[in-house]
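S.K.: What follows is a predicted protein model with its sequence.
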Amino acid sequence: MSANVQSINTAEAEQELTDGFHLIIDALKLNGLNTIYGVPGIPITDFGRMAQAAGMRVISFRHEQNAGNAAAIAGYLTQKPGICLTVSAPGFLNGLTALAHATTNCWPMILISGSSEREIVDLQQGDYEEMDQLAIAKPLCKAAYRVLHAEDIGIGVARAIRAAVTGRPGGVYLDLPASLFGQVMDAAAGEKSLVKVVDPAPAQFPGPDAVTRALDVLKGAKKPLIILGKGAAYAQCDDLVRQFVEKTGIPYIAMSMAKGLLPDTHDLYAGAARSLVLKESDCVMLIGARLNWLLSHGKGKQWGAPGSKKFVQIDIDPKEMDSNQPIDAPLVGDIESCLTALLERMGDDWAKPSNDWTGAIRDKVEANVARMAPKLQNNNVPMDYHGALGRLKRIVADHPDAILVNEGANTLDFARSIIDMSKPRKRLDVGTWGVMGVGMGTAIAAAVETGNPVIAVEGDSAFGFSGMEVETICRYDLPVCVVIFNNSGIYRGTDVNEAGEDPATTVFVKEAKYDLMMQAFGGEGVTATSPDDLERAVRDAIASGRPTMVNVIIDPAAGTESGRIGNLNPQSVVGKK
Ligand code: ADP
Ligand code: TZD
Ligand code: MG
């Protein structure tokens, strides 16, 4: 061997190398993404281990959909994309539902899935868990990318992050074929190829004309109303929202997850007079809320006479304007920039709405709250929704930092209207689609991201969609108290199938012992048959910080079909027995 060749060999031996595994981890960490929610398996098992070894928090779930729901809500809570990691084909598809959910809700999330090699997928040669994942993800998310070469990992991760958080946030799919993980390159070149995303969600200022127009429309209103949506909660400019509402003196209502942006006990909160303000207002200002089905598209009887209202809307997505109703004053920009501009231009002589309007709303709120109070104090056994939720209302009031996760039908609708929230982003629920099954993933991410106590108020059906994750809650010893409203069924537990032996489609095993599920994994499990039992068990759970399941036995006849949205439920009138 010549001296020349030997020296090359020595240089190679000394060259420091990196690989796809390390580069992906480094790229995520460089951008402050330190938590991964996922399920291990081929080809990402070692990746999960290595991420953990590199100091990342890797939360391993029992099903990818729950990991994905965790990543989605982590994105909502932190304004950084929540990361979900899955195996190929079936694992990817399980995570994809959550990615679509994040996109629908305008929350930033990145679904990273391992995949098969292009050569095999494109010739459809039948690889282990083969699927053209990129093509399938594309129509269901905001953007989808694939990285084929280790030197492109930095750019691939950067693009995914920017696409997820910029403008209207949403879900991004990142496809990583198995061979990418093992690709080796020079460590110094690898480090240089990484990208720290600069200003991932740049401020978007509204034009001065748009600000003037919006202020003119608001000034011309006699009965204005503000609707705060979860976009306003996501924006994390809570003080500005409060200043704007208080300076304008305009009464407001909050969409489900915007509750608590200002305390629900605020003088201007018109939640308990929702029907009155929707019908009677002459001008509605939407802040981070869409006129979708949740607001009956801004039309119909509950919105008063057609054409009786002007609309002002703040949204970061210009395409949202005029989607359901003509918007008289669109303010396209981020909520922080828009509110700052409005506040600057309002001046000190702003005329608040007359007492005729705000006084009438206050009277209605007080009357409705007084009418509800005795129902919430009832001590009935079996419990109804009001008796049980009256206690939870008190507990949440005593623990303003606790995060309330909520899903179900009656369990959701009653809890939303009964339990006051006093701080922003403390109410997490089924979102825009009204999805059942977000509960445990949401509860886990809420605990992991904030460290705060979590109370998950779950319909028994809703819980079932993600129930196995109680093991995850116990394994990571999270301060989650799951409160199951067990009415032995979907909407009610009383339906009977007149046609045969099988149970009716909407009923479950009667008074199932859900509390034993948490006990099975070392957590606490309690059955509550009275409001007193319920209150004691939940207070104990919060005090101990232990994983706890409170199985609340609710009167199976207490609920109504589809809760508050029964009107959307087509029912046959022909030949029905
Ligand atoms: P809700 O269900 O509470 O009514 P939606 O999810 O329907 O809320 O609407 C949220 C809206 O907020 C979306 O249209 C989204 O584009 C918008 N949005 C999200 N973040 C921002 C932001 N930072 N600035 C302005 N608009 C935002
Ligand atoms: N599947 C998915 C993914 N989302 C859904 N929303 C539904 C099915 C349909 N659905 C509802 O809209 S609410 C609900 C289902 C199955 C369950 C309601 O029962 P519950 O709550 O036990 O959770 P209540 O208190 O009994 O009403
Ligand atoms: Mg139920």
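M.R.: Sure thing, it's come through. Ligands and ions are numbered 1, 2, ... in the order given.
S.K.: Each with direction, which strands does the helix or strand where residue 482 lies pair with?
M.R.: Using DSSP states H and E, residue 482 sits within strand 480-486. Applying DSSP bridges, strand 480-486 is found paired with strand 454-459 (parallel), strand 548-553 (parallel).
S.K.: interface residues of this structure facing ligand 3?
M.R.: 459, 460, 461, 487 (CB under 5 Å from the ion). All C-beta spots, glycine's among them, are computed from the backbone N, C-alpha and C.
S.K.: how close does the third one get to residue 442?
M.R.: Spelled out, it's residue 461. For residue 461, the distance to residue 442 equals 16 Å [CB to CB, to the nearest Å].
S.K.: Mind checking which of those two has more residues around it?
M.R.: Between residue 461 and residue 442, counted using other CB atoms under 10 Å, residue 442 has the larger neighbour count: 29 against 21.
S.K.: Let me see the contact set for that one.
M.R.: 69, 70, 73, 405, 428, 429, 456 (CB atoms under 8 Å, 6 or more residues apart in numbering).
S.K.: Which pair of those residues spans the longest distance?
M.R.: 70 and 429 (14.6 Å; CB to CB).
S.K.: These two: which is more packed in?
M.R.: Between residue 70 and residue 429, counted using other CB under 10 Å, residue 70 has the larger neighbour count: 35 against 23.
S.K.: what about the more buried one, which SS state?
M.R.: Here residue 70 is recorded as helix under DSSP: H, G, I helix; E, B strand; the rest coil.
S.K.: Confirm for me that residue 397 is in contact with residue 423.
M.R.: No - Residue 397 lies out of contact with residue 423 (CB atoms under 8 Å); the separation is 11.3 Å.
S.K.: between the two, which one's more packed in?
M.R.: Remark: of residue 397 and residue 423, residue 423 carries more neighbours, 17 against 14, as counted by other CB under 10 Å.
S.K.: Please give me every residue in contact with the more buried one.
M.R.: 260, 263, 400, 401.
S.K.: Now the buried members of those.
M.R.: Buried members of the contacts of residue 423, counted by 16 or more other CB atoms under 10 Å: 260, 263.
S.K.: Of the contacts of residue 423, which pair is most distant in space?
M.R.: 263 and 401 (13.2 Å).
S.K.: quick one on the thing from earlier: of the contacts of residue 442, just say which sits nearest to ligand 3.
M.R.: Using CB to the ion, the shortest approach to ligand 3 within the contacts of residue 442 belongs to residue 456, at 14.4 Å.
S.K.: Leaving out chain neighbours, which residue sits closest to residue 534?
M.R.: residue 528 (4.0 Å; CB to CB, 6 or more residues apart in numbering).
S.K.: now the one you found: how far from ligand 1?
M.R.: From residue 528 across to ligand 1, the span is 31 Å (CB to the nearest ligand atom, to the nearest Å).
S.K.: Could you tell me how many residues sit around that residue?
M.R.: Neighbours of residue 528 using other CB under 10 Å come to 24.
S.K.: Next, give phi and psi for it.
M.R.: The phi/psi pair for residue 528 (degrees, to the nearest 10) reads phi -120, psi 120.
S.K.: sorry, back to before: tell me the one of the contacts of residue 423 nearest ligand 3?
M.R.: Taking the contacts of residue 423 together and measuring to ligand 3 by CB to the ion, the closest member is residue 260, at 25.2 Å.
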